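Q: fold the following.
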Amino acid sequence: MKILITGGKGMLGRTLQRELAGHEIIVADLPEWDITDDTGFVAKVCEAKPELIVHCAAMTKVDDCETNRDLAFRLNEDGSRNVALAAKACGARLFAISTDYVFSGEPPREPWAWSETDIPRPRTVYGASKFAGEQMIQMLLPEAVIIRIAWLYGAGGPSFVHTMAKLGAQEGAPLKVVNDQRGNPTSTKTVADVIKFLMTKSDVSGIVHGTCEDQCTWYDLTVELFRLLGLKREVVPCTTEEFPRPAPRPHNSALKKSVLNLLGYRTPKWQDALAEFVKTEF
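A: Sure, this is the predicted structure:
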C-alpha cells in the first residue's frame, strides 16, 4: 500500500516509517510539503496518489498555541481541512491524529476516562484548534478515522519521558513532579500498532481513542520510569499550581478505548509499553 504521512519527520512519523516499512511510504513534511498551502498541498497529494494518508502534522506545543492562536488554527484547523480535501480528491483513506486536549479535563468523578461519545469542551487554544480540525475533517470526509492520543513518547523524542530520564541521571535536589494530572502515557509504537489494526478494518470511521490502557499521574510515570532505569534521584509529588503555565493543564484527560474494545482490540497497559520502550531506547 502507498501511505503518505504528514509530519512524517516528527516523533510519531518516524515510528510509523519504521513500523510500516513493508509499505511504500511518502514522508510529507516541511519544507517540501506544507499543509497550509491551500492549493499546492492538494495538488502534490493528487500527484503522489496515496491509498492511505496518516495525518500527524500539527502545532502541538500547548503553550506556544496559547500565545499564537492564529498560527495554531492555521496549522491545526486549516491544515486538517487541506489534508481532508486532498484525501477526498485522490480517493485516499484518511487517519488523522488528534488529542486528549479536546476535553475539558475536569471530570465529574474519579477515576474518569473520556469516551469517544463524550462532548469535547476544550479549555486551551491547542485543544480548540485540534477540535476544529476534527470537525473540519468530519464535515469534508465523514469516512475518515480520527485517532485521539495522549502523553506521547517515542524513539528519539522529544518527550516528557526523555526529559525525566535525563534529569534523573543527574545529581541534585529532589525532582518535583505534578501529581494531580491524570492521563494515559502512550508510546508511538502503541499508536502505530493501533493504526496497523485499523488498516485491516475498512468499515471503521469516526472517532477512535488510541492510548495505552490504565491511567496515572506524571509523578506515577516518573517513579515507574526511574524504577525501570535504576535511577536513584528522589522524586516528590507536587501540585499543578506550583508550576504555572500559559495554557491550563487538564486534571484528567484519560481516554476510554470503547471503539477499539468493541472491535476486540486492546492496547497494552502503560506500564508494559513503557518497559518495552525503555529496553530499546536507554
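
Q: isn't there a helix covering Ser98?
A: No. Looking at Ser98 with DSSP: H, G, I helix; E, B strand; the rest coil, it is strand, so not inside a helix.

Q: that one: how many residues sit nearby?
A: Look at Ser98: counted by other C-beta atoms under 10 Å, it has 26 neighbours. Yep, even glycine has a C-beta here, placed from its N, CA and C like the rest.

Q: just Tyr265 next, same as before
A: 17.

Q: got a list of what it touches?
A: Residues near Tyr265 by C-beta atoms under 8 Å, 6 or more residues apart in numbering: Val194, Phe197.

Q: SS state for it?
A: Recorded secondary structure, Tyr265: coil (three-state DSSP).

Q: where does the stretch 1-150 of the chain dip in pLDDT?
A: 107-110 (pLDDT under 70).

Q: any idea where the strands of it begin and end?
A: With strands called from DSSP state E, counting those that start in this stretch, the stretch 1-150 of the chain shows them at 2-6, 24-28, 52-55, 93-99, 145-149.

Q: closest to Phe226 out of these?
A: strand 145-149 (24.0 Å; C-beta to C-beta).

Q: what lies in contact with the closest one?
A: 12, 93-100, 102, 116, 134, 137-138, 186, 191, 194-195, 198, 204-211, 255.

Q: strand 93-99 and that one, what's the angle between them?
A: Interaxial angle of strand 145-149 relative to strand 93-99 (axes from the mean of the first three to the mean of the last three C-alpha atoms, to 10 degrees): 30 degrees.

Q: after strand 145-149, next one along is what?
A: Using DSSP states H and E, the next helix or strand after strand 145-149 towards the C-terminus is strand 152-153.

Q: show me how far stretch 39-56 is from its chain's centre.
A: How far stretch 39-56 lies from its chain's middle: 21 Å, per C-alpha atoms, centre = their mean, to the nearest Å.

Q: and that stretch, which residues are buried?
A: Residues of stretch 39-56 classed as buried: Phe41, Val42, Lys44, Val45, Ala48, Pro50, Leu52, Ile53, Val54, His55, Cys56 (neighbour count, 16 or more other C-beta atoms under 10 Å).

Q: equivalent analysis for stretch 27-40, please.
A: So stretch 27-40, judged by 16+ other C-beta under 10 Å, has buried residues Val27, Ala28, Asp29, Trp33, Asp34, Ile35.
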